[in-house]
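S.K.: model this:
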Amino acid sequence: MVTVTNEEFAAQVRHNQRELAARISSPFDFIVCGAGTSGCVVAARLAADPNLRVLLIEAGGHDETELVQDPNRWPLTLGGEMDWAFVADANPQLNGRALAYSMGKVLGGGSSINVSTWSRGHQADWDFYAAEAADEAWSYRAVLELYRSRIEKWAGDPDPDYRGTHGTVHVQPAQEPFPFSERLLAGAESMGLARFPNANGRMMEAAGGSALVDETVCNGKRQSIFRSYVYPLMAQPNLTVLTGALASRILFDGRRATKVEFNYQGNVIMAEATREVVLSLGAIHTPKLLMQSGIGPAAELRHAEIPALQILEGVGRNLHDHVSIASVWASKGEVLGSSPRSQTACFWKSRPELDSPNFYSYAISGAYLTPENALRADPPANSWTQVIGMRPQSRGSVHLTGAAPTDPVRINANYLAEPQDLADLISGLNFAREMGSAPALAGFSGHQVAPYSFEPDGLSQYIRDGLTTFWHQSGTARMGRDAMSVVDSKLRVYGVEGLRVADASVLPRVTSGNTMAPCVVIGERAAEFMLRR
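M.R.: The predicted structure is shown next:
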């Protein structure tokens, strides 16, 4: 067998993709719009059949940079060329603040610029999706088998009932835990959060828990979903991957999607799909492209003067993600090193009636505060932060500002619109305060720096000045069976043919934890449905 070096394979890929890019006028079987997490999975699974021609288009650029390959450099990507750098509307519930709303604009999407945390979603999340869609393919047991049999290449201690070892995605537990990380997990246990062997598996069946994080890092290098799924196939003659290609419209023959219009190298290109088109542009641009193509709420299309093909009032609605708030402590030295990634994960409920944890927290060095709260808290040089995430009840929306692909969207994140969210955040900060003061942390952690007040008015002010986002945008083309649903259980867009959505916008509610792993599941299911057909 001839062994090909990494450099030789990279040269083959470059040559092959140059050749294929010259032939995009020929019809494809499938066109996938967006090379984020889900889109990469869809394209790779389809292209595994050599008889299928697949086109994957991505508006962003290549991932061949240390900013992507080094997982500790992810904060440097925010606001740069690999970030769509959206900004949500100024929010009166957040004292008029307009939040940065980042999303990956690069091969691999979020999986190329995120913190590399692998969180598979709670049992109750998946069973909720199965009930909403009336399809057992989305149930926890079915998805668990998918993780075990096809997705995960688990590098931790053997756990054959819950972890797969021969899949596509390298997943490992946090390496070389700091003594402080072990103390923090002991503090979580003292709060009733049982410690689990890893942050997935059995922990995602429990009401709460704590563990070392699972991450998509190998030998210190990021393993993005693009690198795991798509890149190994890019020397094949049936998979074309275009970067710098901005999708502008889906074109229809009657009610069937047949072509994708996109801007590429200064030209407007129309590529033909003889079978199906898949939208994997994320929870902001998927509804935008649907509306630009005449699919969406009647008032939205009318306002943008776009002829209506299919009225779906749910397009661009139900926007939500995990909100974020910081709990900051003085520390006895740099207890967690300089890496901006957590080694621990803690999940809990703020209310017992909830079906799954609505809170999680990660721990990192430094004080991660908004300018408003940093001014009041004045954190010391040595400090650590519990970065707290919460699944909210509030819902926002995505709106067009015009019909052109270059017209920006307007994003109403609508945080804290539901009063329960503020009540839950107060509960979550109180829980984190107790965890951070646990005796197990004595000698490592000092006084609490932020919140600067736990009086009701002071805590409410701290939250309104300090709430940010985990950038897990979801829900804007949700799967379901009611009038506000956009796709059915097989991810087909209602009312048209040959068009599916495969990204976090299909989730009726965001999962309990980071969304990269669930987006891999969405991509796997989409490809499975298409190949089965």
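
S.K.: In terms of secondary structure, what does whichever strand or helix holds residue 131 contact?
M.R.: Using DSSP states H and E, residue 131 sits within helix 123-133. With contacts taken as 3 or more Cβ pairs under 8 Å, 6 or more residues apart in numbering; DSSP states H and E, helix 123-133 sits against helix 140-146. All C-beta atoms are positioned from the backbone trio N, CA, C, and that covers glycine.

S.K.: any weak-confidence spans in this protein?
M.R.: Residue ranges of the chain with pLDDT under 70: 1-2.

S.K.: quick one, helices of it?
M.R.: Along the chain, counting by DSSP state H, helices occupy 6-21, 37-47, 66-69, 123-133, 140-146, 179-190, 225, 282-292, 298-303, 371-377, 419-436, 456-466, 516-532.

S.K.: For residue 411, find the nearest of those.
M.R.: helix 282-292 (6.7 Å; Cβ to Cβ).

S.K.: The helix holding residue 131 vs helix 516-532, what angle?
M.R.: Angle, helix 123-133 to helix 516-532, by axes from the mean of the first three to the mean of the last three Cα atoms, to 10 degrees: 40 degrees.

S.K.: about what we covered before: of the helices of the chain, which approaches residue 396 most closely?
M.R.: Among the helices of the chain, if distance is taken as Cβ to Cβ, the winner is helix 282-292, at 10.2 Å.

S.K.: Report the angle between that closest one and helix 37-47.
M.R.: Going by the same axes, to 10 degrees, helix 282-292 makes 70 degrees with helix 37-47.

S.K.: Tell me which other helices or strands helix 282-292 touches.
M.R.: Counting contacts by 3+ Cβ pairs under 8 Å, 6+ apart, helix 282-292 packs against strand 245-253, strand 267-279, strand 396-400, strand 409-412.

S.K.: CA atoms only: put that helix into CSV for me.
M.R.: The C-alpha trace of helix 282-292 is given here as CSV (Å, rounded to 0.1, in the frame of the first residue of the first chain):
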residue,chain,number,x,y,z
GLY,A,282,-27.2,28.5,10.8
ALA,A,283,-30.1,30.0,12.7
ILE,A,284,-29.6,33.5,11.3
HIS,A,285,-28.8,32.9,7.6
THR,A,286,-31.0,29.9,7.0
PRO,A,287,-34.2,31.9,7.7
LYS,A,288,-32.7,34.8,5.7
LEU,A,289,-32.2,32.6,2.6
LEU,A,290,-35.6,31.0,3.0
MET,A,291,-37.2,34.5,3.1
GLN,A,292,-35.1,35.8,0.2
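
S.K.: and it with strand 267-279, angle?
M.R.: Using the same axes, to 10 degrees, helix 282-292 lies at 110 degrees relative to strand 267-279.

S.K.: and helix 282-292, how far out from the chain's middle?
M.R.: Offset of helix 282-292 from its chain centre (Cα atoms, centre = their mean, to the nearest Å): 16 Å.

S.K.: try stretch 146-161
M.R.: With Cα atoms, centre = their mean, you get 21 Å for stretch 146-161.
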